[in-house]
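Colleague: What follows is a predicted protein model with its sequence.
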2 protein chains.
Amino acid sequence: MEMQEIELTHMDCIDCPIRHRAVCSRCESDELNLLEEIKYYRTFDAGQTIAWTGDKLDFVATVVSGIATLSQTLEDGRTQMVGLLLPSDFMGRPGREMASYDVTATTEVLMCCFRRRPFEELMRNTPHIAQRLLEMTLDELDAAREWMLLLGRKTAREKIASLLAIIARRDASLKFSKTGGAMEFDLPLTREAMADYLGLTLETVSRQVSALKREGVIELAGKRHINVPDFERLMQETGDDTDGGMLV
Amino acid sequence: MEMQEIELTHMDCIDCPIRHRAVCSRCESDELNLLEEIKYYRTFDAGQTIAWTGDKLDFVATVVSGIATLSQTLEDGRTQMVGLLLPSDFMGRPGREMASYDVTATTEVLMCCFRRRPFEELMRNTPHIAQRLLEMTLDELDAAREWMLLLGRKTAREKIASLLAIIARRDASLKFSKTGGAMEFDLPLTREAMADYLGLTLETVSRQVSALKREGVIELAGKRHINVPDFERLMQETGDDTDGGMLV
DNA sequence: GGAGGGCCTTGATTAAGATCAAGAAGGCGC
DNA sequence: GCGCCTTCTTGATCTTAATCAAGGCCCTCC
């Protein structure tokens, strides 16, 4: 549980005092100062479990850098990833005692944590923060439902294309490049993690990635670096409406 | 958009001023009176679409009686149900302009509606209500993630058993009977709707229901009335941990 | 009563993806 | 460099559920 200096980039603050950046041009307010007091930074190693199902977590947090995953498991060990925490995502269940799924760091993760009790206290007293939390939870719910559509009705190929599109978009938004045309990014997940997210086996993931490569929809440099020559082309493979699209 | 008298049952009020019952022993407060002013009742016919994706809804509501479903659709028409609205469930996206999925009445539905603008106003000013909304949204999120596990990793048989178990449990909780032992309820969904919820085809649903019947896990009286002689036995078919279990 | 239409069941066949199995490509420590 | 380990790829085969197809049940409306 170490404190540390971090480099503040533009994405550190978007529109919300819950984001970890101390000062924000759009939402400077008294609440910010209150949040400062209950805030600390913490890193988790790659592979480290941040919370087990049923854990009493004493903090909520936003991801500053790195990737973590949420997952659920059946009795016999089959696992399904149910969420992906990318930089700027929020984790924790304000108002709830227990974590209801496992949270695991995929890469080294830096979190901006808020002590739970005071955070909840703050939330109860400042409508602005409660409102923002609700907003974020509704976003997560939209994303979860979009994902249900993927899990229930998409083919393996469409699943892979959708995942790549989501990661490409998230990655692009961090870099402030536009979506569309050519894009390029690093896959932050192993084939197995992709399979867990998509409800597939790792072999099927590998085969479909190979197929997309063979057909020129994507290019691979090494196993993890993806180059998308034509984002529209990739989107056509997702099965989604070409406008509208995924919400994550 | 008709007003009407309704019979108040115990479940009409549990712990929340957002529930449609006017007076509540646990949470009587000024907010209740405010809510009264912006509230009206409305019925929807079976099969009627309550909201399309992208609709600007001018109300949020709780289901008083009947069943409605939330669903999403791919370009080519494949659809996936992403939520089930049973009595006491909340619908609408406070703070959001647009519905992000279709809402359809499965049976005749009676809703307790709150005009959106004043409701949001109220929410901004009364932490109690905002807090409760967040709570409900977190519940939905948990349910959605539980469902992702089902869609991604369960077999057809496990999916059917899980759905039956959820409906049985919800039904039992309304009747204040205990979960466990024998249970009995009406399936509020067609085979096709079940298929849409479970990410299966209706033929597969039919076959698996028949199989569970053949093996004595369930008994059928007509096509829709289900009798579960031993709830534990049904639970074993779901693939879930026998304790803990589904969150809906 | 009979026709028509939903809704459901069951059977035969097919296809998508899982499983089983072998080996290749990197990355890392020595 | 070499060996080892993890991760990934590819092939062969099998299984599950989808698809295609036919017919049954039950309700409603003439």
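Modeller: Cool, the structure landed. Residues are numbered from 1 along each chain as shown, chains lettered A, B, ... in the order given.

Colleague: residues in contact with the spatially most central residue of chain A?
Modeller: The centre of chain A sits closest to A:L85, judged by Cα atoms, centre = their mean, with a distance of 2.7 Å. Going by Cβ atoms under 8 Å, 6 or more residues apart in numbering or on different chains, A:L85 touches A:V63, A:I67, A:A68, A:T69, A:L70, A:M91, A:V103, A:V109. (Each C-beta comes from the backbone N, C-alpha and C, glycine too.)

Colleague: By neighbour count, sort out the buried ones in those.
Modeller: Listed as buried from these are A:V63, A:I67, A:A68, A:T69, A:L70, A:M91, A:V103, A:V109; burial here means 16 or more other Cβ atoms under 10 Å in any protein chain shown.

Colleague: Sort those residues by pLDDT and name the bottom one.
Modeller: Note: of the buried ones among the contacts of A:L85, the lowest pLDDT belongs to A:V63, at 87.

Colleague: what helices or strands is the lengthiest helix in chain A leaning on?
Modeller: Longest helix in chain A by number of residues, with DSSP state H as the criterion: helix A:127-153. In terms of contacts (3 or more Cβ pairs under 8 Å, 6 or more residues apart in numbering or on different chains; DSSP states H and E), helix A:127-153 is packed against strand A:79-85, helix A:116-125, helix A:156-175, strand B:68-73, strand B:79-85, helix B:116-125, helix B:127-153.

Colleague: of these, which approaches DNA strand C most closely?
Modeller: Proximity to DNA strand C (Cβ to the nearest atom of the strand) singles out helix A:156-175 among the helices and strands packed on helix A:127-153, at 3.7 Å.

Colleague: Tell me what angle the closest one forms with helix A:127-153.
Modeller: Between helix A:156-175 and helix A:127-153, the angle comes out at 150 degrees (axes from the mean of the first three to the mean of the last three Cα atoms, to 10 degrees).

Colleague: What's the first helix or strand after helix A:156-175?
Modeller: Counting by DSSP states H and E, the next helix or strand C-terminal to helix A:156-175 is strand A:183-186.

Colleague: and that next one, what's its mean pLDDT?
Modeller: For strand A:183-186, the per-residue pLDDT averages 88.

Colleague: now do stretch A:148-164
Modeller: Regarding stretch A:148-164, the rounded mean pLDDT is 97.

Colleague: what's the first-to-last distance across that stretch?
Modeller: 17 Å (Cα to Cα, to the nearest Å).

Colleague: What is the burial count for the nearest residue to A:T201 once chain neighbours are set aside?
Modeller: Spatial nearest neighbour of A:T201, chain neighbours left out: A:A195 (5.5 Å); criterion: Cβ to Cβ, 6 or more residues apart in numbering or on different chains. Using other Cβ atoms under 10 Å in any protein chain shown, A:A195 is surrounded by 23 other residues.

Colleague: about what we covered before: now the longest helix of chain A: buried residues?
Modeller: Judged by neighbour count (16+ other Cβ under 10 Å), helix A:127-153 contains these buried residues: A:127-138, A:140-153.

Colleague: What of stretch A:184-196?
Modeller: So, applying 16+ other Cβ under 10 Å, buried residues of stretch A:184-196: A:E184, A:F185, A:L187, A:P188, A:L189, A:R191, A:A193, A:M194, A:A195, A:D196.

Colleague: From what I see, the third one and A:N227 are in contact.
Modeller: The reference is to A:L187. No - applying Cβ atoms under 8 Å as the test, A:L187 and A:N227 come out as separate, 11.2 Å apart.

Colleague: so what's A:R116 up against?
Modeller: Shown in contact with A:R116 (Cβ under 8 Å, 6+ apart): A:L57, A:D58, A:F59, A:V60, A:G92, A:P94.

Colleague: What's the separation between it and A:V109?
Modeller: A:R116 is 18 Å from A:V109, where distance means Cβ to Cβ, to the nearest Å.

Colleague: Ok, A:S88 next?
Modeller: 13 Å.

Colleague: Same check on A:R93?
Modeller: Distance, A:R93 to A:V109, using Cβ to Cβ: 18 Å.

Colleague: coming back round to it: common neighbours of A:S88 and A:V109, please.
Modeller: Common contacts of A:S88 and A:V109 (Cβ under 8 Å, 6+ apart): A:V63.

Colleague: And A:D241, how far from DNA strand D?
Modeller: 20 Å (Cβ to the nearest atom of the strand, to the nearest Å).

Colleague: my read: that residue touches B:E75, true?
Modeller: Yes - counting by Cβ under 8 Å, A:D241 does reach B:E75; the two are 5.4 Å apart.

Colleague: Give me the distance from stretch A:134-148 to the chain's centre.
Modeller: With Cα atoms, centre = their mean, to the nearest Å as the basis, stretch A:134-148 stands 12 Å off its chain's centre.

Colleague: Report the contact partners of A:R124.
Modeller: Applying Cβ under 8 Å, 6+ apart to A:R124 gives the contacts A:A130, B:P127, B:Q131.

Colleague: cutoff 10 Å now
Modeller: A:P94, A:G95, A:A130, B:P127, B:H128, B:A130, B:Q131 (Cβ atoms under 10 Å, 6 or more residues apart in numbering or on different chains).

Colleague: Same question for A:A130.
Modeller: By Cβ under 10 Å, 6+ apart, the contact set of A:A130 is A:94-95, A:120, A:122-124, B:123-124, B:127-131, B:133-134.

Colleague: With A:V217 instead?
Modeller: A:V217 sits next to A:157, A:160-161, A:164, A:209, A:211, A:228-230, A:233-234, A:236-237 when contact means Cβ under 10 Å, 6+ apart.

Colleague: tell me, which of these make contact with chain B?
Modeller: For chain B, the contacts drawn from the contacts of A:V217 by Cβ under 10 Å from any Cβ of the partner chain are A:Q236.

Colleague: Buried ones among the contacts of A:V217?
Modeller: Among those, those classed as buried by neighbour count (16+ other Cβ under 10 Å) are A:R157, A:I160, A:A161, A:L164, A:V209, A:V228, A:L234, A:E237.

Colleague: Pick out the most distant pair among these.
Modeller: For the buried ones among the contacts of A:V217, the farthest-apart pair by Cβ to Cβ is A:R157 and A:V228; their separation is 15.1 Å.

Colleague: Which positions in chain A make contact with DNA strand D?
Modeller: A:190-192, A:202-203, A:205-207, A:209-210, A:220, A:223-224 (Cβ under 7 Å from any atom of the strand).

Colleague: what domains does the record give for chain A?
Modeller: A:10-150, A:154-236 (automatic domain parsing).

Colleague: which of those domains has the lowest average pLDDT?
Modeller: domain A:10-150 - the lowest mean pLDDT of these, at a mean of 81.

Colleague: hmm, back to that, now for the buried ones among the contacts of A:L85: which two are most distant?
Modeller: A:L70 and A:V109 (12.8 Å).

Colleague: what is in contact with those two at once?
Modeller: Residues touching both A:L70 and A:V109 comprise A:I50, A:L85, A:M91, A:V103, with contact defined as Cβ under 10 Å, 6+ apart.

Colleague: quick one, what contacts the last one?
Modeller: Under the criterion of Cβ under 10 Å, 6+ apart, the contact partners of A:V103 comprise A:44, A:48-53, A:55, A:57, A:61, A:68-71, A:83, A:85, A:91-92, A:109.

Colleague: measure it to B:M194 for me?
Modeller: A:V103 sits 32 Å away from B:M194, going by Cβ to Cβ.

Colleague: same check, this time on the third one
Modeller: As defined by Cβ to Cβ, A:M91 lies at a distance of 33 Å from B:M194.
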